[in-house]
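S.K.: need a structure here:
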Amino acid sequence: MSNQILRFLQLKVTLEQAKGAPGLILTNFFPKIELVSPVSWSGELPEYMLNLELNSDLKLENFTIEGILEVIKVISNQDNNALVIARLNGPILNLIHQIDECWIQTPSILSDSNGLFLTVHGTTDGLKYFRDGIKKQLPDTVKVRITKNLKADWIAAPQLPERRKQVMDLAVKRGYYQTPRKCTQRQLAEELGVRQGTVAEHLQSAESTIIMSWSEQSN
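M.R.: All right, here's what the predicted structure looks like:
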């Protein structure tokens with residue numbers, strides 16, 4: 001890398017601003033697509049783990065939208081939500097894939113209500129290449145700004161104490177943060193064998209740490 005200082009940028013593209021973009025067809029099948037993690041950057045197209053909100057009982061095995069999305073593996077599929085590994089194509093993702101010094105990160109979400117929210121991490125040079133390229137693809141009303149430096153332990157998420165991370169991971173897995181919620185703090189406490197107040201304390205502390213980290217990065 002020509003510049004080892006890591007930064008990030010975030011951009012929001014409304015449905016109106018993205019009118020005519022080929023990737024919008026995804027919202028006809030999935031009201032919400034959320035990046036969980038990049039999986040592989042090798043090959044012609046990168047692979048991602050995605051959380052998909054489904055419109056109906058869509059058959060995801062070998063599901064393909066030519067030139068846009070190809071589902072490679074279905075990890076889970078229940079309650080109109082699916083976790084999959086897929087190849088994604090499109091001008092924005094292809095631009096990122098072509099630049100060695102930047103990569104997509106969470107939170108990155110496409111929804112049929114809010115449009116695209118994208119987070120990209122990289123070096124200063126990498127993000128400048130991306131910013132210059134994206135300006136050619138999007139209307140001038142879309143603003144792109146490179147933030148200040150990233151601290152190493154903020155690249156994916158702030159560090160949490162092991163027990164707190166365990167409680168947070170279980171809450172996410174059981175759907176505590178879904179809308180509507182799939183479980184309660186009491187149910188989490190019963191599964192963990194602790195008091196509900198202990199679960200509440202861990203979740204509140206973890207949420208505070210994550211929000212503070214996000215606030216410091218975005219400023």
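S.K.: For residue 161, give me its contacts.
M.R.: Applying Cβ atoms under 8 Å, 6 or more residues apart in numbering to residue 161 gives no contacts. Where you see a C-beta, it was placed from the backbone N, CA and C, and this is true even at glycine.
S.K.: Next, work out how far apart residue 130 and residue 104 are.
M.R.: Remark: distance between residue 130 and residue 104 (Cβ to Cβ, to the nearest Å) = 10 Å.
S.K.: Show me which of those two is the more surrounded one.
M.R.: Taking neighbours as other Cβ atoms under 10 Å, residue 130 and residue 104 compare with residue 130 leading, 24 against 21.
S.K.: Is it correct that that one is in contact with residue 99?
M.R.: Yes. Between residue 130 and residue 99 there is a contact under Cβ atoms under 8 Å: 5.8 Å.
S.K.: quick one: common contacting residues for the two?
M.R.: residue 122.
S.K.: Low-confidence stretches in the protein?
M.R.: Low-confidence segments of the chain (pLDDT under 70): 1-4, 148-159, 212-219.
S.K.: which residues of it fall in helices?
M.R.: Ranges of helices within the chain are 91-98, 124-135, 162-173, 185-192, 196-218, based on DSSP state H.
S.K.: mind checking which of these is nearest residue 53?
M.R.: Among those, helix 162-173 comes nearest to residue 53, with 15.4 Å by Cβ to Cβ.
S.K.: and that closest one with helix 185-192, angle?
M.R.: Angle of helix 162-173 versus helix 185-192, following axes from the mean of the first three to the mean of the last three Cα atoms, to 10 degrees, is 120 degrees.
S.K.: which other residues reach helix 162-173?
M.R.: The contact list for helix 162-173 (Cβ under 8 Å, 6+ apart) reads 160, 177, 183, 188, 191-192, 199, 202-203, 205-206.
S.K.: which of the residues you listed lies closest to residue 75?
M.R.: Comparing the contacts of helix 162-173 against residue 75 with Cβ to Cβ places residue 177 closest, at 18.4 Å.
S.K.: Leaving out the residues flanking it, which one is nearest to that closest one?
M.R.: Closest residue to residue 177 apart from its sequence neighbours, by Cβ to Cβ, 6 or more residues apart in numbering: residue 171 at 6.5 Å.
S.K.: And residue 108, by the same measure?
M.R.: residue 35 (4.1 Å).
S.K.: Does the one you found touch residue 110 like I think?
M.R.: No. Contact criterion Cβ under 8 Å: residue 35 and residue 110 do not qualify, at 9.0 Å.
S.K.: and those two? which has more neighbours close in?
M.R.: Neighbour totals were compared for residue 35 and residue 110, and residue 110 leads with 25 against 19 (other Cβ under 10 Å).
S.K.: circling back: the residue nearest to residue 108 bridge partners, please.
M.R.: Beta bridges link residue 35 to residue 50, judged by DSSP bridges.
S.K.: so what's it up against?
M.R.: Each residue near residue 35 by Cβ under 8 Å, 6+ apart is listed here: 48-50, 104-109.
S.K.: ok, now how distant is it from residue 82?
M.R.: Counting by Cβ to Cβ - residue 35 and residue 82 are separated by 14 Å.
S.K.: Kindly report the domain assignment for this structure.
M.R.: Following automatic domain parsing, the chain resolves into domains at 6-154, 162-218.
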